[in-house]
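1. Sequence and predicted structure are below.
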Amino acid sequence: MKQIASFTIDHMKLLRGVYVSRKDKVGTEVLTTFDIRMTRPNFEPVMNTAEIHTIEHLAATYLRNHPDYADKTIYFGPMGCRTGFYLILAGDYQSKDIISLLIGMFEFIKDFEGEVPGASAEGCGNYLDMNLNMAKYLANRFLEEVLYSVTEANLIYPN
């Protein structure tokens, strides 16, 4: 049975941060998958589904409307373990290349006011499972504690 690459990362050493999880070639295009780790695995509580769901809706709105990344955004969605998100971009990137994009995205989330885009029965399969206040708190925490002062330890998977 083939080993799953992400299962080989020592999650006991993994810090919150932004990591290149994998790069795949599709035709002539490279797709870069990022591991956006918002909580430290196995050391702190995971995020609840309501705030994950809210972050997903707001991040998708931000990314799909970004002047430089709208057409490069393939996917943004939560990890099953609820410690973060995956972002897939068309292009060959390193983690440091998207820090300014993520700062903008998480600032958009922390400052968001009003109705969450797509949070209606017509636009979402579980629109009642949202928590904007907690999503804003988590976005701000990630900005303040990781993105604004990001180091190599937050950008490269541990050995």
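-> It's in.
2. ok, now which ones touch the spatially most central residue of the chain?
-> The centroid of the chain falls nearest to Phe85 when counting by C-alpha atoms, centre = their mean (3.6 Å). The neighbours of Phe85, taking C-beta atoms under 8 Å, 6 or more residues apart in numbering as the test, are Ile36, Met38, Ile52, Ile55, Glu56, Ala59, Phe76, Gly77, Pro78, Met79. (Each C-beta comes from the backbone N, C-alpha and C, glycine too.)
3. Surely it forms part of a helix?
-> No: read with DSSP: H, G, I helix; E, B strand; the rest coil, Phe85 is strand and lies in no helix.
4. Quick check: it vs Ala60, distance?
-> Distance from Phe85 to Ala60, counting by C-beta to C-beta, to the nearest Å: 10 Å.
5. List the residues that are in contact with both of those two.
-> Phe76.
6. I'd like the contacts of Phe85 as a markdown table, with distance to Val30 and neighbour count appended.
-> Compiled in a markdown table, the contacts of Phe85 are given as follows (distance: C-beta to C-beta, whole Å; neighbours: other C-beta atoms under 10 Å):
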| residue | distance to Val30 | neighbour count |
| --- | --- | --- |
| Ile36 | 19 | 27 |
| Met38 | 25 | 26 |
| Ile52 | 28 | 25 |
| Ile55 | 26 | 30 |
| Glu56 | 24 | 20 |
| Ala59 | 22 | 24 |
| Phe76 | 18 | 22 |
| Gly77 | 20 | 13 |
| Pro78 | 24 | 19 |
| Met79 | 22 | 19 |
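7. Mind checking which of those are in strands?
-> Among the contacts of Phe85, the residues falling in strands (DSSP state E) are Ile36, Phe76, Gly77, Pro78.
8. OK, contacts around the first one?
-> Okay, so that is Ile36. Here Ile36 is in contact with Val18, Gly84, Phe85, Tyr86, Leu87, Leu102 (C-beta under 8 Å, 6+ apart).
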